[in-house]
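Student: A predicted structure for the sequence below; I have some questions about it.
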Amino acid sequence: MPAGRPVSPIDAGPLPGNPWTTLRHMSTEREDAQPTSDTNGTADIGVTGLAVMGSNIARNFARHGYTVAVHNRSAGKTDALLDEHGRDGDFVRTETIEEFAAALRSPRRALVMVQAGAPTDAVIDALAEAFDEGDIIIDGGNSLYTDTIRREKAMADRGIRFIGAGISGGEEGALEGPSIMPGGPASSYEVVGPMLEDISAKVDGTACCTHIGEDGSGHFVKMVHNGIEYSDMQLIGEAYHLLRGVAGIEPAAMAEVFREWNTGELDSYLIEITAEVLAQVDAETGYPLVDVIVDRAGQKGTGRWTVKSALDLGVPVTGIAEAVFARALSSSVPQREAGRALPSGAVSTPSGTGPEFIEDVRRALYASKVIAYAQGFDQITAATAEYGWDVARGDLATIWRGGCIIRATFLDRIREAYAENADLPTLLAAPYFAEALADCVDSWRRVVTTAVTAGIPAPGFSAALAYYDGLRTERLPAALIQGQRDFFGAHTYLRTDREGSFHTQWSGDRTEVRA
Ligand code: NAP
């Protein structure tokens, strides 16, 4: 092992419940990185799927002193990784799943980083064929949590331990330290958890990785994390649209506004990169880059999954849903082309669009963001009850503070809120957030009003405010809806003054009967 490289943490001592015999490490030289009988059983961990995420995570493990068996369906990516980064640490090059399995120490630990869906099933099945009882497969892709529940059961039936780990942080996080959300049996986490914590981001010395709960819980919380990310990005987009459309602030100047915001309570990765994107000038045209990018937002599906799951669980994640629909609207090309001819009606912009307006938008953004998190945490609470998981919401806020796309200073406040009261019925009930929203609400109303009168769509801001008002309202029109449901479908209703269910005989004499 070259001087200066850390000793394999596994060689440094046995993991809990997992006694090792110390094995010799292979050379790190590229030409020696071939599977041989010498390298069999030497790798601490294997990574299969060496596209952007897998190759960077493999490098991250290697940089932390682990010997990493690497495998990809097509060997080209394996060779590219070893050619470019083979000196990052100890790798064992493998071409087939059998070689990959042979390279791993027992119990084997393999991280699957391939496309979610059928490819992940194919790779897991191939690994299970080559693995022995007690070996561990970790799926680090963006798998749908119900697939993870199914796979965990199927693997358990074959004696293979299975961890569904949500991993966030993109390319850079994968290399420098992602946020990792592993779900599966606690006994399996004990074996792989220390390695995952080792390569994860650290905030104040705390790893951004913890055992989330049983079976699909890790992928579930990763899915909601992505949903919150959608919402966060949409809200930032709306702030940009308003600052530009109402206050006329050009991208370069707006980058400074976002940089300033990034020094306060909005301090976060997404605000930081927004400033970078806004400041970027297109080399070819000299225009702000944001003006030459086609305004159709893509999506890979995790936002949509979040909303579908929320519909099933009956949790109003309106901020996330509006964000998903706003991306869909942006990509509704024929409708947008036809819609351009629609009249705006009388629109106007407020006269005061100086610093006060900018501050109003900042507060509306902050308040709406709090709502998005509150809704996302509600969805996790509901899923925890539905699936019998034991997800600690404060732990999520802790591991999302670093490494991941939604990392933000603000998550410290969420962590503190759940530390004070782990059973909060809503994040908005925490004194810190209740006071923060009280501070923001006037600005929030002015911004939503301005958006409406200026004809600028702000579905995220307005849905968040409507949710806030919905929670505040003592008597909702749901009473009238219950009356309507009873009228056409005899669905019955509860009364405010008596126990029991009731029905009015609408088509008869309209007297009320107990149902
Ligand atoms: P990706 O583009 O999602 O997947 C490409 C990888 O999957 C390649 O290694 C490819 O092998 C392999 N693959 C595809 N079909 C396969 C099959 N049938 N059998 C075996 N291997 C197959 O790669 P990625 O962007 O690095 O993401 C990996 C996983 O992490 C995905 O689940 C993704 O959703 C998740 N993720 C991605 C990010 C991100 O920022 N990109 C962030 C978090 C999580 P070949 O090279 O042979 O085609």
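Tutor: Received it, and whenever you're ready, just let me know what you need.
Student: Let me know the secondary structure of the closest residue to the ligand within the stretch 1-150 of the chain.
Tutor: Relative to the ligand, the nearest point of the stretch 1-150 of the chain is residue 141 (2.5 Å; C-beta to the nearest ligand atom). From N, CA and C alone the C-beta is placed, and that goes for glycine too. Three-state assignment for residue 141 (DSSP: H, G, I helix; E, B strand; the rest coil): coil.
Student: Wait, it touches residue 123, no?
Tutor: No - Residue 141 is beyond contact range of residue 123, at 9.3 Å (criterion: C-beta atoms under 8 Å).
Student: Who has more neighbours out of the two?
Tutor: The neighbour comparison of residue 141 against residue 123 (other C-beta atoms under 10 Å) goes to residue 141, with 26 against 23.
Student: Now residue 252, what are its backbone angles?
Tutor: The phi/psi pair for residue 252 (degrees, to the nearest 10) reads phi -60, psi -40.
Student: What about it, how many residues nearby?
Tutor: The burial count for residue 252: 12, using other C-beta under 10 Å.
Student: next one: the one 3 residues further on
Tutor: Residue crowding around residue 255 was assessed by other C-beta under 10 Å; the count is 20.
Student: What helix or strand is it located in?
Tutor: Using DSSP states H and E, residue 255 sits within helix 251-261.
Student: Get me the contact residues on the stretch 151-300 of the chain for the ligand.
Tutor: 167, 168, 170, 171 (C-beta under 6 Å from any ligand atom).
Student: Need the residues touching each of residue 141 and residue 123.
Tutor: Between them, residue 141 and residue 123 share these contacting residues under C-beta atoms under 8 Å, 6 or more residues apart in numbering: 49, 112, 114.
Student: Quickly note the distance from the last one to residue 165.
Tutor: When C-beta to C-beta, to the nearest Å is applied, the distance between residue 114 and residue 165 equals 14 Å.
Student: Between the two, which has more neighbouring residues?
Tutor: The residue with more neighbours, out of residue 114 and residue 165, is residue 165; 26 against 23, by other C-beta under 10 Å.
Student: Can you tell me the SS state at that one?
Tutor: Here residue 165 is recorded as strand under three-state DSSP.
Student: List the contacts of it.
Tutor: If you count contacts by C-beta under 8 Å, 6+ apart, residue 165 has them with 111, 138, 139, 140, 180, 181, 182, 183, 196, 218, 219.
Student: what is it paired to in the beta sheet?
Tutor: Going by DSSP bridges, residue 165 is paired in beta bridges with residue 182.
Student: ok, now how distant is it from residue 449?
Tutor: Computed with C-beta to C-beta, the distance linking residue 165 and residue 449 is 44 Å.
Student: With residue 227 instead?
Tutor: Taken as C-beta to C-beta, the span from residue 227 to residue 449 is 27 Å.
Student: again, but for residue 376
Tutor: Taking C-beta to C-beta, one finds residue 376 at 27 Å from residue 449.
Student: Give me the contact list for stretch 222-233.
Tutor: For stretch 222-233, the surrounding residues in contact (C-beta under 8 Å, 6+ apart) are 142, 144-145, 166-168, 179, 181, 268, 270, 299, 302-303, 305-307, 309-310, 317, 319-320, 322-324, 327, 369, 372-373, 376, 379-380, 400, 404-406, 460.
Student: Only the buried subset of these, as a ChimeraX command please.
Tutor: Those of the contacts of stretch 222-233 that count as buried under 16 or more other C-beta atoms under 10 Å are selected in ChimeraX with:
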select :142,144,145,166,167,168,179,181,268,270,302,303,305,306,307,309,310,317,319,320,322,323,324,327,369,372,373,376,379,380,400,404,405,406,460
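Student: Which of the contacts of stretch 222-233 fall within strands?
Tutor: Here DSSP state E is the test, and those give 166, 167, 168, 179, 181 as lying in strands.
Student: any chance of the residues you listed in a markdown table, plus pLDDT?
Tutor: Compiled in a markdown table, the ones in strands among the contacts of stretch 222-233 are given as follows (pLDDT from 0 to 100):
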| residue | pLDDT |
| --- | --- |
| 166 | 97 |
| 167 | 97 |
| 168 | 95 |
| 179 | 96 |
| 181 | 98 |
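Student: remind me which residues of the protein are low pLDDT?
Tutor: 1-37 (pLDDT under 70).
Student: which bits of it sit near the ligand?
Tutor: Residues of the chain lying near the ligand by C-beta under 6 Å from any ligand atom: 49-54, 72-74, 77, 113-116, 119, 122-123, 141-142, 167-168, 170-171.
Student: Give me the subset of these lying in helices.
Tutor: Within those, residues falling in helices by DSSP state H are 52, 53, 54, 77, 119, 122, 123, 170, 171.
Student: Show the buried residues in those residues.
Tutor: The neighbour-count criterion (16+ other C-beta under 10 Å) marks 53, 54, 77, 123, 170 among these as buried.
Student: Among these, pick out the one closest to residue 346, please.
Tutor: Taking C-beta to C-beta as the measure, residue 346 lies nearest residue 170 of these, at 44.0 Å.
Student: thought the closest one was touching residue 405?
Tutor: Yes - in this structure residue 170 lies within contact range of residue 405 using C-beta under 8 Å: 6.5 Å.
Student: What spatial separation is found between the residue lying closest to residue 48 once chain neighbours are set aside and residue 314?
Tutor: Leaving out its chain neighbours, the residue that sits closest to residue 48 by C-beta to C-beta, 6 or more residues apart in numbering is residue 71, at 4.3 Å. Going from residue 71 to residue 314 by C-beta to C-beta gives 42 Å.
Student: With neighbour numbers in mind, choose between the two.
Tutor: Neighbour comparison, residue 71 and residue 314: the larger count goes to residue 71, with 29 against 9 (by other C-beta under 10 Å).
Student: thinking that one is in contact with residue 46, fair?
Tutor: Yes - the criterion here is C-beta under 8 Å, and residue 71 meets it with residue 46 at 6.5 Å.
Student: Next, show the common contact partners of those two.
Tutor: Here residue 71 and residue 46 have 94, 100 as joint contacts, going by C-beta under 8 Å, 6+ apart.
Student: on that earlier part again, of residue 227 and residue 449, which one has the most company?
Tutor: The neighbour comparison of residue 227 against residue 449 (other C-beta under 10 Å) goes to residue 227, with 29 against 13.
Student: Which residue is the nearest non-sequential neighbour of that one?
Tutor: Among residues not flanking residue 227 along the chain, residue 306 sits closest, at 3.1 Å (C-beta to C-beta, 6+ apart).
Student: Pull the contacting residues for the one you found.
Tutor: 223, 224, 226, 227, 230, 317, 320, 324, 376, 379.
Student: Return the member of those residues nearest to the ligand.
Tutor: Once C-beta to the nearest ligand atom is applied, the member of the contacts of residue 306 that ends up nearest the ligand is residue 226, at 8.5 Å.
Student: Now the helix ranked longest in the chain: buried residues?
Tutor: For the chain, the helix reaching the highest residue count under DSSP H is reported as helix 355-387. Applying a neighbour-count criterion of 16+ other C-beta under 10 Å, one finds 357-358, 360-384, 387 buried in helix 355-387.
Student: can you check stretch 410-426 too?
Tutor: Neighbour counts using 16+ other C-beta under 10 Å place 410, 411, 413, 414, 415, 417, 418, 424 of stretch 410-426 among the buried residues.
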